[in-house]
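Peer 1: I'd like to go over a predicted model; first the sequence, then the structure.
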There are 2 protein chains.
Amino acid sequence: MKFRLEATDRLSKARAGEITTDHGVIKTPIFMPVGTAGSVKAVHQRELKEDIKAQIILGNTYHLYLRPGLNTLEQAGGLHRFNGWDRPILTDSGGYQVYSLTEVRKIKEEGVTFRSHIDGSKHLFTPEGVMDIQRTIGADIMMAFDECTPYPCEYSYARKSMEMTHRWLKRCCDRFDSTEPKYGYSQTLFPIVQGSVYKDLRTKSAEVIASFGREGNAIGGLSVGEPAEEMYAMTELVCGILPGDRPRYLMGVGTPANILENIALGVDMFDCVMPTRNARNGMLFTRNGIINIRNEKWKNDFSAIDPESDLFVDQQYTKAYLRHLVNAKEILGAQIASIHNLHFYLWLVTEAREKIMTGEFYEWKNKMTKQLSQRL
Amino acid sequence: MKFRLEATDRLSKARAGEITTDHGVIKTPIFMPVGTAGSVKAVHQRELKEDIKAQIILGNTYHLYLRPGLNTLEQAGGLHRFNGWDRPILTDSGGYQVYSLTEVRKIKEEGVTFRSHIDGSKHLFTPEGVMDIQRTIGADIMMAFDECTPYPCEYSYARKSMEMTHRWLKRCCDRFDSTEPKYGYSQTLFPIVQGSVYKDLRTKSAEVIASFGREGNAIGGLSVGEPAEEMYAMTELVCGILPGDRPRYLMGVGTPANILENIALGVDMFDCVMPTRNARNGMLFTRNGIINIRNEKWKNDFSAIDPESDLFVDQQYTKAYLRHLVNAKEILGAQIASIHNLHFYLWLVTEAREKIMTGEFYEWKNKMTKQLSQRL
């Protein structure tokens, strides 16, 4: 993996860059649609490519490990071959789902034991095991196994957890560096900064993570319920420590405004289920604000979903039709809203990139963040 | 509406024809995907057009009347404008859903009172009312209001019901002929033959229906649980009586083999929820037989869904991937299987048409019906 910095904003820490992987180039800042179990929900792979113009998608190690399982993924020749997505893929470490989806779990130094949310079967994730799993999935970018602390989190727990995450990182790196990719293309490993919302812990964690000298670095444990200001304070602090010549990935963030603010603080990569999950409930993100398509006010609004957009669903379907589909729980409603939101998120980061290149980012960002948060 | 007969098979009653409506031409025999509430479930309109190559879709009067409702449909300028499908649309009369979906209903000479399956509200469908509703929906082809008898059905009930359906037809025609289309394009009305599985009733009904001299005619009350042989016997009888210079529409049929057998008996138009409903449960129809994609045997089958097909889902996704999606209840699984099945149904009727034109239909049909029913 290579990272080339192309431009930095004068008035903020925003950067435009380019990541090169064996599955192609990613222009940053970038948003990565979440393809939980090997599918970005309600969206075809050709729509991701041709309509949404996604450059990289995310897969969840926890879900893929349970279903279809490693045997099938390995026999397929990795996730790219399994799901037909031939551009870059990033996988998380499975940690987040283990903490949020499973009921019975035990975190020990060795790793985490948990029960599957599907069939209750018992499993153990260790730093080494999770590296092996991601080798088998075949992600271009693999994530270190960490503990994502909840919010709020006691200082002492946050410190102990962070220290274990650092020890786990060493084990992840050792395993990663002593194993080879399985399918003939390179993989890289990103470590994850933790430390909850405590400045000294975040500082310490960022220093430790930076000292590993990996090809890219991630910030985890944010967007878990803390106020946006706390998130921005932590991102700013951490971005000041993580090396500037490597991509920075802020995990699980967020709203369109969150993304622009964090780009301004020096983040290059984002992922979030919000555009697809909220789409299925009828929430649309647009450049003029947020639409709840279930509202009565759209009932007889026969204007295009987004007249300013060139996306086929925005042009070919009306607000009234989409409202009807979502209210009637028609699958097509989820399809339309998901494509719309993902296309919008990709448009937003592409636009941010152009503004960084032309030096107009900061003013544009300040105007947009107000606009994006309005309720229409 | 115009119908032109282009060819008739030497060895069977199969016909190739062309229906011309104000929204375009339909080459027969044809299969019409069912777009229940204004959407063919899990399929985009552009996929219907460009991938499935649907020529006409069906809308359900019962569903559309309840949601989005007539006010919205009229303000939109009819269903074509509402859902963005600019090719022909046929609507059923709502009768079938009233009998199958609603619990409290009362059939009287005036019409049928029923309670909505959505909110329990009380409604009355009369022959006149159903004509007005379909005028407002704006279907190119409207269906007469009938009673669809269940199977099995007592002779005396079938006779009385059929006679009422005939009286209702008179009222439908009177209302249709004394009203105008609302949106500037023509609409036509098809009456429906009933009579359960009783030869004398079917004969009588076909004669009465033919005597109305409408532009096309339908056969209802079949594919409701009777053995296929009884269905074919009734179709054969009725097709012998309905005029040959008008299209014949067999409602709610059926499996791929059912469709070929009924084409051989002189039917021109079909609709059925089977390709989409069964798709959502993982059943795929192919030219070589039926696949239950949930079966263990497809778990590690990384061959294309249908290597012989040029459809993008058949080429770009594997059986193992589709199995995973359906088992994991991913929406994309329903999308892929629905497009596949509809594309296959349209391929089948297009192929039948070509075989009729080249005089090879009968032999091909006999070979295909065996093949299509195999379990793979």
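Peer 2: Done, it's in. No experiment lies behind these values; they were computed from the predicted model shown.
Peer 1: Where does the stretch 101-250 of chain A get nearest to chain B, which residue?
Peer 2: Nearest residue of the stretch 101-250 of chain A to chain B: A:Ile118, at 8.7 Å (CB to the nearest CB). Heads up, the C-betas are built off the backbone N, CA and C, glycines and all.
Peer 1: Now for that residue, how many residues are close by?
Peer 2: 12 (other CB atoms under 10 Å in any protein chain shown).
Peer 1: A:Leu66 is in contact with that one, correct?
Peer 2: Yes. If you go by CB atoms under 8 Å, A:Ile118 and A:Leu66 touch, sitting 5.7 Å apart.
Peer 1: that older thread, how close does the residue of the stretch 101-250 of chain A closest to chain B get to A:Tyr232?
Peer 2: Relative to A:Tyr232, A:Ile118 is positioned 37 Å away (CB to CB, to the nearest Å).
Peer 1: How is the residue of the stretch 101-250 of chain A closest to chain B classified with respect to secondary structure?
Peer 2: Look at A:Ile118: counting by DSSP: H, G, I helix; E, B strand; the rest coil, its state is coil.
Peer 1: Also the one 10 residues further on?
Peer 2: Per three-state DSSP, the local secondary structure of A:Glu128 is helix.
Peer 1: Can you name the residue of the stretch 51-200 of chain A nearest to chain B?
Peer 2: Closest point on the stretch 51-200 of chain A to chain B, by CB to the nearest CB, is A:Pro68, at 4.3 Å.
Peer 1: what's the nearest residue to that residue if we skip its chain neighbours?
Peer 2: B:His324 (4.3 Å; CB to CB, 6 or more residues apart in numbering or on different chains).
Peer 1: Tell me the secondary structure at the one you found.
Peer 2: Going by three-state DSSP: B:His324 is helix.
Peer 1: Number of residues surrounding it?
Peer 2: 27.
Peer 1: what separates the residue nearest the centre of chain A from chain B, distance-wise?
Peer 2: The residue lying closest to the centre of chain A (CA atoms, centre = their mean) is A:Asp271, at 1.7 Å. Distance, A:Asp271 to chain B, using CB to the nearest CB, to the nearest Å: 18 Å.
Peer 1: Now for A:Met274: which residues touch it?
Peer 2: If you count contacts by CB atoms under 8 Å, 6 or more residues apart in numbering or on different chains, A:Met274 has them with A:254-255, A:341.
Peer 1: residues in contact with the residue lying farthest from the centre of chain A?
Peer 2: What lies farthest from the middle of chain A is A:Asn300; by CA atoms, centre = their mean that is 35.6 Å. For A:Asn300, the residues meeting the contact criterion (CB under 8 Å, 6+ apart) are A:320, B:71-72, B:75-76.
Peer 1: hang on, the earlier thing: secondary structure class of the residue of the stretch 51-200 of chain A closest to chain B, three-state.
Peer 2: coil.
Peer 1: How many residues are close by it?
Peer 2: The number of residues near A:Pro68, taken as other CB under 10 Å, comes to 26.
Peer 1: again, but for A:Arg67
Peer 2: The tally of other residues near A:Arg67 (other CB under 10 Å) stands at 17.
Peer 1: what do you get for the one 4 residues further on?
Peer 2: Here the neighbour count serves as a burial measure; for A:Asn71 (other CB under 10 Å) it reads 11.
Peer 1: give me the number of residues near A:Arg135?
Peer 2: 21.
Peer 1: Assumed it was part of a helix.
Peer 2: Yes. Under three-state DSSP, A:Arg135 sits within a helix.
Peer 1: Show the contacting residues for it.
Peer 2: A:Arg135 neighbours (CB under 8 Å, 6+ apart): A:142, A:179-182, A:187.
Peer 1: Apply 10 Å and report the result again.
Peer 2: Neighbouring residues of A:Arg135 by CB atoms under 10 Å, 6 or more residues apart in numbering or on different chains: A:70, A:74, A:78, A:142, A:175-176, A:179-183, A:187.
Peer 1: before we move on, back to that, residues contacting the residue nearest to A:Pro68?
Peer 2: With CB under 10 Å, 6+ apart, B:His324 has these contacts: A:37-39, A:64, A:67-69, A:72-73, A:76, A:82-83, B:293, B:298-299, B:318, B:330, B:333.
Peer 1: circling back to that earlier point, does the residue of the stretch 101-250 of chain A closest to chain B really touch A:Arg67, like I thought?
Peer 2: Yes. Proximity of A:Ile118 to A:Arg67 meets the contact threshold set by CB atoms under 10 Å, at 6.6 Å.
Peer 1: overlap in contacts of the two?
Peer 2: Among the neighbours of A:Ile118, those also in contact with A:Arg67 (CB under 10 Å, 6+ apart) are B:327-328.
Peer 1: ok, A:Arg87 - how many residues close by?
Peer 2: A:Arg87 has 18 nearby residues by other CB under 10 Å.
Peer 1: same question, A:Trp85
Peer 2: Using other CB under 10 Å: A:Trp85 sits among 23 other residues.
Peer 1: helices and strands of chain A: which one bottoms out on pLDDT?
Peer 2: helix A:95-101 (a mean of 84; mean pLDDT, DSSP states H and E).
Peer 1: which outside residues touch that helix?
Peer 2: Helix A:95-101 is contacted from outside by A:36, A:60-63, A:65-66, A:105, A:107, A:111-118, A:123, A:125, A:127, A:130, A:143-150, A:165, A:168, A:192, A:220-221, A:224, A:251-252, using CB under 10 Å, 6+ apart.
Peer 1: Just the CA atoms of it, as CSV, please.
Peer 2: Output in CSV follows, covering the C-alpha atoms of helix A:95-101 (Å, rounded to 0.1, in the frame of the first residue of the first chain):
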residue,chain,number,x,y,z
GLY,A,95,-14.1,-6.4,18.1
TYR,A,96,-16.8,-3.9,17.8
GLN,A,97,-19.5,-6.5,17.0
VAL,A,98,-18.3,-8.8,19.7
TYR,A,99,-18.9,-6.1,22.3
SER,A,100,-22.2,-4.7,20.8
LEU,A,101,-24.0,-7.8,19.3
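Peer 1: Give the buried residues for it.
Peer 2: Buried positions in helix A:95-101, judged by neighbour count with 16 or more other CB atoms under 10 Å in any protein chain shown: A:95-99, A:101.
Peer 1: Check stretch A:17-35 too.
Peer 2: Buried residues in stretch A:17-35 (16+ other CB under 10 Å): A:17-19, A:21, A:23, A:26, A:28-35.
Peer 1: Over to stretch A:255-274?
Peer 2: A:255-272, A:274.
Peer 1: Need the pLDDT of the residue of the stretch 151-300 of chain A found nearest chain B.
Peer 2: The nearest approach of the stretch 151-300 of chain A to chain B comes at A:Asn300, 5.1 Å away (CB to the nearest CB). A:Asn300 is assigned 97 on the pLDDT scale.
Peer 1: The residue nearest to it when sequence neighbours are not counted sits in which helix or strand?
Peer 2: In space, and not counting its chain neighbours, A:Asn300 is closest to B:Gln75: 5.1 Å by CB to CB, 6+ apart. Using DSSP states H and E, B:Gln75 maps to helix B:70-76.
Peer 1: Please spell out which residues along that helix are buried.
Peer 2: For helix B:70-76, the neighbour count (16+ other CB under 10 Å) marks B:72-76 as buried.
Peer 1: Also stretch A:300-315?
Peer 2: Buried-residue list, stretch A:300-315, by 16+ other CB under 10 Å: A:300-301, A:304-306, A:309, A:311-314.
Peer 1: I'd like those as JSON lines, with distance to B:Lys355 and secondary structure appended.
Peer 2: Listed next are the buried residues of stretch A:300-315 as JSON lines, based on distance: CB to CB, whole Å; DSSP: H, G, I helix; E, B strand; the rest coil:
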{"residue": "A:Asn300", "distance to B:Lys355": "47", "secondary structure": "coil"}
{"residue": "A:Asp301", "distance to B:Lys355": "48", "secondary structure": "coil"}
{"residue": "A:Ala304", "distance to B:Lys355": "43", "secondary structure": "strand"}
{"residue": "A:Ile305", "distance to B:Lys355": "43", "secondary structure": "coil"}
{"residue": "A:Asp306", "distance to B:Lys355": "46", "secondary structure": "coil"}
{"residue": "A:Ser309", "distance to B:Lys355": "45", "secondary structure": "coil"}
{"residue": "A:Leu311", "distance to B:Lys355": "41", "secondary structure": "coil"}
{"residue": "A:Phe312", "distance to B:Lys355": "35", "secondary structure": "helix"}
{"residue": "A:Val313", "distance to B:Lys355": "38", "secondary structure": "helix"}
{"residue": "A:Asp314", "distance to B:Lys355": "42", "secondary structure": "helix"}
